[in-house]
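Trainee: Using only what follows, build the 3D model:
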Amino acid sequence: MSAHEGARETAHEGAHEGARDIDADVSAAVQRTLEEILHGRMEEARAIDPTFAGDIAARVARFTLRGGKRIRSRFLWWGLRACAGGADPGQLDAALRLAAGLELIQTCALVHDDVMDGSPLRRGRDAVHVELQNQYGPCLQRAQPFGVAAAILAGDLALSWADDVVAATGLDPVQAPRVRGLWQAMRAEMVAGQYLDLQAQATGARSMIRSVRTAALKSALYSVERPLAFGAALAGADEATTRALCSAGRCAGIAFQLRDDLFGAFGEPGETGKPSGDDIRDGKGTYLLAVATARAETAADHDVLALLDRCVGRPDLDDGDVQRVREAFVTTGARGIVEDKIRRLVRQANRHLAAGVLVPHADQRLHELFCRVAGLPVADETAALHIPWTESGSR
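Mentor: Numbers count the residues shown, from 1 in each chain. The predicted structure is shown next:
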């Protein structure tokens with residue numbers, strides 16, 4: 001064996017060991033990458049202006065570093081591993097950097113989402129726009145809320161940083177166009193889904209078809225399907241394997257959004273980190289609301305229809321009316337129908353995975369992740385897999 005071949009073999013073995021280390025705790029590996037990237041971004045921000053750095057850049061960095069279950073990062077990583085990726089050091093670095101980019105684009109999405117919904121809390125803390133408004137308090141002179149305008153800039157900065165990270169990531173020349181094409185598509189899809197969500201709130205739309213379409217664009221694609229596709233692209237997976245992963249991701253991603261809709265209606269602040277009944281007060285055009293409306297119309301239940309018309313979309317709705325809407329979601333059968341749909345979607349996702357030629361260990365991790373994002377007991381859906389869960393890591 002030549003010296004060059006020996007060095008290549010050593011690097012190959014080192015990459016395998018590095019991949020196994022990341023396998024043990026994907027979130028920690030992504031956190032370290034984010035810390036390194038954001039340290040550099042903070043230095044750049046301080047060089048531009050210390051006030052900007054302290055008020056905006058530092059908030060973006062803190063928000064990104066302190067929150068979330070790193071769901072998107074995990075799907076990217078296990079998509080890579082399921083396609084036998086992780087044997088090349090450059091591939092490992094690219095995967096972690098792309099995962100960091102996904103976490104930053106998630107920061108953008110959440111900061112802007114809270115502004116659009118007027119949500120005061122995120123992850124049990126003041127939302128970014130509330131923090132900024134409170135920071136300057138009585139000294140504010142403008143009629144337009146300062147915190148809202150500043151938070152929009154914070155979200156824009158997070159998106160800019162995400163694009164910068166991806167642009168600077170070293171990619172295999174063969175895979176680079178595929179990865180960059182996925183990134184471009186994902187950004188547009190995320191904006192489209194958010195707009196459809198806003199438009200449904202504004203118009204009072206309650207279409208089941210439209211709500212599922214919104215769920216696919218707003219959450220399923222950028223939370224699950226696209227991260228899996230990034231992993232497959234980095235691994236150089238073939239078309240059939242990529243298609244199996246993406247189909248599985250689409251189903252699991254919609255289940256993820258439907259579970260989030262249930263949390264938005266029935267969740268309590270201690271578990272969601274947001275005020276109780278937020279989606280009801282905001283008038284979110286969720287699948288849950290669409291099913292409840294359709295069921296009440298079919299049953300000619302005018303009392304329920306009147307209740308939904310009177311209460312949904314009212315920011316000043318009191319807790320008693322929120323509870324009455326929740327009860328309507330139960331009595332119409334809507335909650336049960338959504339729960340059943342979530343379970344069916346996860347089973348369908350698992351069937352799609354079985355259609356691909358995937359690495360068994362990573363395949364099993366994906367089965368478990370599907371259950372977790374859908375809010376289903378892992379043992380109930382993957383009892384035969386016997387998967388130990390060792391990763392650490394809220395949305």
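Trainee: Now Ser219. Nearest residue, chain neighbours left out?
Mentor: Gln257 (3.8 Å; C-beta to C-beta, 6 or more residues apart in numbering). C-beta coordinates here come from the backbone N, C-alpha and C atoms, glycine included.
Trainee: again, but for Val179
Mentor: Going by C-beta to C-beta, 6+ apart, Val179 has Ala233 as its nearest residue, at 5.0 Å.
Trainee: I'd say Leu34 and Arg62 touch.
Mentor: No: under the criterion of C-beta atoms under 8 Å, Leu34 is not in contact with Arg62, lying 11.2 Å apart.
Trainee: Those two: who's more crowded?
Mentor: Set Leu34 next to Arg62 and count neighbours by other C-beta atoms under 10 Å: Leu34 wins out with 23 against 15.
Trainee: so what's that one up against?
Mentor: Contacts for Leu34 (C-beta atoms under 8 Å, 6 or more residues apart in numbering) come out as Thr64, Leu65, Ala100, Glu103, Leu104.
Trainee: Buried members of those into ChimeraX, please.
Mentor: Only the buried entries of those go into this ChimeraX selection, using 16 or more other C-beta atoms under 10 Å:
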select :64,100,103,104
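Trainee: now for the helix or strand harbouring Gly336, which elements pack on it?
Mentor: Using DSSP states H and E, Gly336 maps to helix 334-354. Here helix 334-354 touches helix 239-266, helix 287-298, helix 319-331, helix 360-373, helix 378-381, going by 3 or more C-beta pairs under 8 Å, 6 or more residues apart in numbering; DSSP states H and E.
Trainee: what angle do it and helix 287-298 make?
Mentor: 130 degrees (axes from the mean of the first three to the mean of the last three C-alpha atoms, to 10 degrees).
Trainee: how much space is there between the residue nearest to Val179 and Trp183?
Mentor: According to C-beta to C-beta, to the nearest Å, Ala233 and Trp183 sit 10 Å apart.
Trainee: And Val191, by the same measure?
Mentor: For Val191 relative to Trp183 (C-beta to C-beta), the value is 13 Å.
Trainee: for Gln135, helix, strand, or coil?
Mentor: Of the three states, Gln135 takes helix under DSSP: H, G, I helix; E, B strand; the rest coil.
Trainee: from memory it sits against Asp55, does it?
Mentor: Yes: using C-beta under 8 Å, Gln135 is in contact with Asp55, at 7.2 Å.
Trainee: Now do the end-to-end distance for stretch 297-317.
Mentor: 23 Å (C-alpha to C-alpha, to the nearest Å).
Trainee: Buried ones in that stretch, by neighbour count?
Mentor: With burial defined by 16+ other C-beta under 10 Å, the residues of stretch 297-317 counted as buried are Asp301, Val304, Leu305, Leu307, Leu308, Cys311, Val312, Gly313, Leu317.
Trainee: Also stretch 88-106?
Mentor: Neighbour-count burial for stretch 88-106 [16+ other C-beta under 10 Å]: 88, 91-92, 94-106.
Trainee: Now, the residues you listed that are in helices?
Mentor: Among these, DSSP state H puts 91-92, 94-106 in helices.
Trainee: Identify the residues contacting the residue nearest to Val179.
Mentor: Going by C-beta under 8 Å, 6+ apart, Ala233 touches Gln175, Arg178, Val179, Leu182, Thr242.
Trainee: Surely the last one is in contact with Leu234?
Mentor: What it means is Thr242. No: using C-beta under 8 Å, Thr242 makes no contact with Leu234, being 11.2 Å away.
Trainee: So for the two, which residue has more residues nearby?
Mentor: Leu234 (28 against 21).
Trainee: related to what we said a few turns ago, between Gln135 and Asp55, which one's more packed in?
Mentor: For the pair Gln135 and Asp55, the greater number of neighbours falls to Asp55 (18 against 15), based on other C-beta under 10 Å.
Trainee: ok, so what distance separates the residue nearest to the spatial centre of the chain from His16?
Mentor: Residue closest to the average C-alpha location in the chain (C-alpha atoms, centre = their mean): Ser223, at 3.9 Å. When distance is defined by C-beta to C-beta, Ser223 is 29 Å away from His16.
Trainee: Likewise for Arg326?
Mentor: Arg326 is 51 Å from His16, by C-beta to C-beta.
Trainee: Then Ala252?
Mentor: Here Ala252 is placed at a distance of 28 Å from His16 (C-beta to C-beta).
Trainee: Counting neighbours, go ahead and name the busier of the two.
Mentor: Neighbour totals were compared for Ala252 and His16, and Ala252 leads with 31 against 14 (other C-beta under 10 Å).
Trainee: List the contacts of the closest residue to Val312 other than its chain neighbours.
Mentor: Leaving aside its sequence neighbours, Val312 sits nearest to Gly283 (C-beta to C-beta, 6+ apart; 5.2 Å). Contact partners of Gly283, counting by C-beta under 8 Å, 6+ apart, are Gln201, Gly204, Val312, Gly313, Arg314.
Trainee: got it, and Glu268?
Mentor: By C-beta under 8 Å, 6+ apart, the contact set of Glu268 is Ser276.
Trainee: pLDDT below threshold where in the chain?
Mentor: 1-15, 141-144, 379-395 (pLDDT under 70).
Trainee: Count residues in the vicinity of Asp340, would you?
Mentor: Neighbours of Asp340 (other C-beta under 10 Å): 11.
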